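Colleague: no sequence for this one, just the structure:
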């Protein structure tokens, strides 16, 4: 099932007149979709913390915010693959509802939506549910009483937690939030000596590579962290915010970096999934952005799953490409002396 079918499933209770069409509603983890144009467009305020999806919503004409505030008569939530994130979103969504407000949730069966439905029934009580398009859609009505005690527990569980193996924090839903991932650790193990000057960290996540570079290389004058997921960048601020050499940018790296002086070093452990789809073009876009932003003799260090086809793209953009190490299913490349075109 593709992601657009999830939106179709989400809107089914309204199309079947099981839930009244609201005058105003929020949509968490929103994605643009043709079915949300026309009568829905003017009714929705979309929340999206993932910058590429945020930009797509803006370009499609939806009112979009990074984080919702206020009170609403209705809300819609698209469930993700992360249990703790879904629980926290349900708790936040419940807090955003006015008394009497309706909350409609939808997720793919393959991502455990039935489990979330059972839990929501136990905590909030269901007003209805549907099964369609290999997804579960369920809805609840908020009463005038206080929120269930579980909501506070769910919000607490989704707050930043210590990461195993380092003195940093990250929250559920961020990449490798429980421990330092093998690829990033491998990159740091074989990062050449002499890192200095201006550094960029593309796809910085919660800041592991940047923090290690700042701690290990005193000649680094500044690190720009570029990250598409706003909550991960918030955790990076927590982890590095005390270092004046760190700067934080909520950005879709694949769309290019802002114009600035070229970087002396760039490091990256790029993502290769958006949602449930594997897409090597994301990492290739990172390589292109690094090539454009690095000085002629600058050095670019990339780690990636060894099955990903990045070496050809590196050789197309740089004259010198060296495989520094292959281990634990990953390859670390050093690329330098960039081509002009």
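Modeller: That came in fine, so what should we check first? This is a predicted model, so every value here is computed, not measured.

Colleague: only C-alpha atoms for contact and neighbour calcs from this point on.
Modeller: Noted.

Colleague: OK, contacts around residue 131?
Modeller: Residues near residue 131 by C-alpha atoms under 8 Å, 6 or more residues apart in numbering: 9, 137.

Colleague: give me the distance from whatever helix or strand it lives in to the chain's centre.
Modeller: In this assignment (DSSP states H and E), residue 131 forms part of strand 128-132. On the basis of C-alpha atoms, centre = their mean, to the nearest Å, strand 128-132 is displaced by 28 Å from the centre of the chain it belongs to.

Colleague: low-confidence stretches in the stretch 151-300 of the chain?
Modeller: 273-278 (pLDDT under 70).

Colleague: going along the chain, name the strands of it.
Modeller: Ranges of strands in the stretch 151-300 of the chain, per DSSP state E, counting those that start in this stretch, are 161-162, 169-170, 197-202, 220-227, 246-250, 263-268, 273-274, 277-278, 294-305.

Colleague: list the buried residues of the fifth one.
Modeller: Buried residues in strand 246-250, counted by 16 or more other C-alpha atoms under 10 Å: 246, 247, 248, 249, 250.

Colleague: measure the last one to residue 155 for me?
Modeller: Spelled out, that is residue 250. Distance, residue 250 to residue 155, by C-alpha to C-alpha, to the nearest Å: 23 Å.

Colleague: likewise for the first one?
Modeller: The gap separating residue 246 from residue 155 is 28 Å, by C-alpha to C-alpha.

Colleague: please name the nearest non-neighbouring residue to residue 308.
Modeller: The shortest distance from residue 308 to any non-neighbouring residue, by C-alpha to C-alpha, 6 or more residues apart in numbering, is to residue 280 (6.5 Å).

Colleague: burial count for that neighbour?
Modeller: Close neighbours of residue 280, defined as other C-alpha atoms under 10 Å, add up to 16.

Colleague: got the phi and psi for it?
Modeller: With angles defined as degrees, to the nearest 10, residue 280 sits at phi -60, psi -20.

Colleague: ok, it touching residue 272?
Modeller: Yes: counting by C-alpha atoms under 8 Å, a contact exists between residue 280 and residue 272, whose distance comes to 5.4 Å.

Colleague: related to what we said a few turns ago, as JSON lines, the strands of the stretch 151-300 of the chain with distance to residue 28 would be great.
Modeller: What follows is the strands of the stretch 151-300 of the chain, written out as JSON lines (distance: least, C-alpha to C-alpha, whole Å):
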{"stretch": "strand 161-162", "distance to residue 28": "23"}
{"stretch": "strand 169-170", "distance to residue 28": "21"}
{"stretch": "strand 197-202", "distance to residue 28": "26"}
{"stretch": "strand 220-227", "distance to residue 28": "20"}
{"stretch": "strand 246-250", "distance to residue 28": "19"}
{"stretch": "strand 263-268", "distance to residue 28": "29"}
{"stretch": "strand 273-274", "distance to residue 28": "17"}
{"stretch": "strand 277-278", "distance to residue 28": "20"}
{"stretch": "strand 294-305", "distance to residue 28": "31"}
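
Colleague: circling back: list just the nearest of the buried residues of strand 246-250 to residue 24.
Modeller: Minimum distance to residue 24 across those is 27.9 Å, recorded for residue 250 (C-alpha to C-alpha).

Colleague: separation between the closest one and residue 171?
Modeller: 17 Å.

Colleague: with residue 129 instead?
Modeller: The gap separating residue 129 from residue 171 is 30 Å, by C-alpha to C-alpha.

Colleague: more neighbours, these two?
Modeller: Using other C-alpha under 10 Å as the criterion, residue 129 and residue 171 rank with residue 171 on top: 23 against 16.

Colleague: can you report how many residues lie near residue 156?
Modeller: Neighbour tally, residue 156, other C-alpha under 10 Å: 13.

Colleague: list the contacts for it?
Modeller: Contacts of residue 156 (C-alpha under 8 Å, 6+ apart): none.

Colleague: now stretch 329-338: average pLDDT?
Modeller: For stretch 329-338, the mean per-residue pLDDT is 95.

Colleague: what comes up buried for it?
Modeller: By 16+ other C-alpha under 10 Å, the buried positions in stretch 329-338 come out as 330, 331, 332, 333, 334, 335, 336, 337, 338.

Colleague: so which of these belong to strands?
Modeller: Using DSSP state E, the members of those that fall in strands are 330, 331, 332, 333, 334, 335, 336, 337, 338.

Colleague: separation between the first one and residue 306?
Modeller: Here the distance between residue 330 and residue 306 works out to 5 Å (C-alpha to C-alpha).
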